[in-house]
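J.: just the structure for this:
(chains A, B, C and D)
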There are 2 protein chains.
Amino acid sequence: MASNDLLKGMLKPIILKLLFEKGKMYGYEITQLVSEISAGEIELTFGALYPILHKLEQEGVVKTESIVINNRNRIYYSLTQTGKGKAKEKIAEFEEFVQTLKIFFKPNFGLKISGLQNFGGLQLARI
Amino acid sequence: MASNDLLKGMLKPIILKLLFEKGKMYGYEITQLVSEISAGEIELTFGALYPILHKLEQEGVVKTESIVINNRNRIYYSLTQTGKGKAKEKIAEFEEFVQTLKIFFKPNFGLKISGLQNFGGLQLARI
DNA sequence: ATTTATATATAAGTTTCTTACATATACGTG
DNA sequence: CACGTATATGTAAGAAACTTATATATAAAT
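T.: Numbering: from 1, shown residues only, chains lettered A, B, ... in the order given. Down below sits the predicted model:
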C-alpha cells in the first residue's frame, strides 16, 4: 500500500467520485471498490470512511437508505440533488489538482528553459 | 488555488523532488518555485515549509549551508547522500500514487467491464 | 513614508487520518 | 463444532499535517 500520508485530503473526493458514478453504495462496498480500483494501493479504513460519510450526510451532501440483506443491516449512501452539484465541483477540483501534481515530475517541471524563453517573440509553452 | 485539503501529505514529496532536481534551494525560493510550477495552484506557506525542512534536517535527509546575501541571511538546503536515496524512494512512491489517483477518473475506473471479463481465456487489461 | 518583496521562524489551533476497540451475522473448513 | 474469515457498521484516543496568526529584519520601489 502507498505511504498512507499521501492519502490525506484525497479520501473525500474519491468517495464523492464513486458515489457520483455508481449512484448508491454502502460503506463496506466502498472500501472494497477503492481497494480493487487502486489494486490494493489505497486501503480505506472504516475509521476514516464512516466519519466522512456521517459528515457528508450531516452536511446534506448524501442521503441514506437502510435495508436488511441476509439478516444483516446495510446502509446505502447516495448523493442528494444539491450533493450532486457539490460533488461535481469537488471532482473537478480534484482532477485539476492531479494534473498539477503531474507537472512536478515532468522534465524541467514543464517550465520554460532558462535562456530560451524568447525566439523573436515566440514563447515556449508548457511541455 | 486548489482546495488546500488536497495538499495534505503532498508537500514533503514535492519538496524532496525539487531538492532532488535543483541540487540546493533556500526556503523562500522553494515557495516561489512551487507557486510558479503549479501556476498559483499550490501556495506553500512558511508555516508548513519550515517545520518540514527542519524535520528533514533533523532526520539527516537534508543538510544546510548558511550564507549572507545583500545583508540578508539565506539558508540553503540540499539532500545528504543518504537523503538522496530516501528522496528517490519517496518520489517513486509519489509518482505511483499520482498514477493511482488518475485511475479514479478514467472511464469505468479502468476496471474490467462486467460480463465481458472472459473471452476464451483472454483477460481484459486495465485501460 | 509606506508598501511590497525578500528571508526565516514559532505557536496555537483545526482537520484528517490511524489504530484500537466494540458488536453481530454468515459461511467455509478441518 | 470450533475457528477463522468475510460481511457490516460504528466510536474513541491519539498522532500527524497543515492553517492562521504572529514575530523579526533588511531592501527596493513608489
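
J.: is DNA strand D contacted by the strand or helix carrying A:I15?
T.: Assigned by DSSP states H and E, A:I15 belongs to helix A:11-22. No. Using Cβ under 7 Å from any atom of the strand, we find that helix A:11-22 stays clear of DNA strand D, coming within 12.7 Å at best. Glycine gets a C-beta too; all of them are placed from N, C-alpha and C.

J.: what's that helix packed up against?
T.: Packing contacts for helix A:11-22, counted by 3 or more Cβ pairs under 8 Å, 6 or more residues apart in numbering or on different chains; DSSP states H and E, involve helix A:27-37, helix A:46-58, strand A:72-79, helix A:81-103.

J.: and the second one, what's buried?
T.: Meaning helix A:46-58. Of all the residues in helix A:46-58, those buried under the rule 16 or more other Cβ atoms under 10 Å in any protein chain shown are A:48-49, A:52-53, A:56-57.

J.: where does the prediction get shaky in chain A?
T.: A:1-4, A:112-127 (pLDDT under 70).

J.: residues of it that sit close to chain B?
T.: Residues of chain A lying close to chain B (Cβ under 8 Å from any Cβ of the partner chain) are A:2-3, A:5-10, A:12-14, A:17-18, A:21, A:33, A:36-39, A:41-42, A:90-91, A:93-98, A:100-105, A:109-111.

J.: now the buried members of the residues you listed.
T.: Burial of the residues of chain A next to chain B was assessed by neighbour count (16+ other Cβ under 10 Å); the buried members are A:2, A:6-7, A:9-10, A:12-14, A:17-18, A:21, A:33, A:37-38, A:41-42, A:90-91, A:94-95, A:97-98, A:100-101, A:103-105, A:109-111.

J.: contacts for the helix holding A:I15, please.
T.: Contacts to helix A:11-22, defined as Cβ atoms under 8 Å, 6 or more residues apart in numbering or on different chains, come from residues A:25, A:30, A:33-34, A:42, A:44, A:48-49, A:52-53, A:56, A:61-62, A:77-79, A:84, A:86-88, A:90-91, A:93-94, B:5-6, B:104-105, B:109.

J.: what inclination does it have with respect to strand A:72-79?
T.: 90 degrees (axes from the mean of the first three to the mean of the last three Cα atoms, to 10 degrees).

J.: return helix A:11-22 as CSV; C-alpha atoms alone will do.
T.: Presented in CSV, the C-alpha positions along helix A:11-22 are these (Å, rounded to 0.1, in the frame of the first residue of the first chain):
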residue,chain,number,x,y,z
LEU,A,11,-10.4,10.3,0.6
LYS,A,12,-13.4,12.6,0.5
PRO,A,13,-13.1,13.5,-3.3
ILE,A,14,-12.6,9.8,-4.1
ILE,A,15,-15.7,8.8,-2.1
LEU,A,16,-17.7,11.6,-3.9
LYS,A,17,-16.4,10.4,-7.3
LEU,A,18,-17.5,6.8,-6.5
LEU,A,19,-21.0,7.9,-5.4
PHE,A,20,-21.3,10.1,-8.4
GLU,A,21,-20.5,7.3,-10.8
LYS,A,22,-22.2,4.4,-9.0
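
J.: relative to helix B:81-103, how tilted is that helix?
T.: If you take the same axes, to 10 degrees, helix A:11-22 sits at 20 degrees to helix B:81-103.

J.: just want the most central residue of chain A.
T.: A:I14 (2.4 Å; Cα atoms, centre = their mean).
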